[in-house]
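Enquirer: The sequence and its predicted three-dimensional model are supplied below.
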Amino acid sequence: MNAETTRWLRTSLVLVWLGTALASAIESQGQGRDLLVRGGLQSEAWIQALVWGGIAADTAIGLALWLRPGRATDALALALMGVMTVVATVLLPALWLDPLGPLLKNLPIAAILVVLLKAPRT
């Protein structure tokens with residue numbers, strides 16, 4: 001894989017993570033919160049901690065992929081995405097059937113991260 005392809009893949013991931021963080025912050029009292037309530041969480045403190053913790057994690061990963069690209073960052077992004085996917089699956093397994101693919105989108109993101117992990121460094 002050449003350096004230009006690697007840059008495009010990494011840039012797409014940066015945009016996904018930072019865009020998700022921004023959308024989640026704008027909707028902090030909306031969709032994310034509603035999903036956690038639908039998943040059975042009742043404590044407003046826990047809900048807010050999870051929403052804002054997710055925003056912070058998405059921001060940190062997006063910035064790390066942008067400013068500190070490398071295998072360690074790719075592995076951390078893959079691990080975080082895996083944890084978030086497992087938590088979402090436990091809380092709301094029906095998200096796998098959502099036609100907009102909020103969990104299905106994680107499969108190509110994981111594939112990109114694996115490709116980046118295996119790519120030779122220039």
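Expert: Received the coordinates, thanks.
Enquirer: confidence score at the spatially most central residue of the chain?
Expert: Residue closest to the average C-alpha location in the chain (C-alpha atoms, centre = their mean): residue 81, at 5.0 Å. In this model, residue 81 is scored at 95, pLDDT.
Enquirer: Make sure it is actually in contact with residue 106.
Expert: Yes: using C-beta atoms under 8 Å, residue 81 is in contact with residue 106, at 5.7 Å. To be clear about C-beta, it is placed using only N, CA and C from the backbone, and glycine gets the same treatment.
Enquirer: give me every residue that touches residue 48.
Expert: Neighbour list for residue 48: residue 33 [criterion: C-beta atoms under 8 Å, 6 or more residues apart in numbering].
Enquirer: Name the helix or strand for it, please.
Expert: helix 44-67 (DSSP states H and E).
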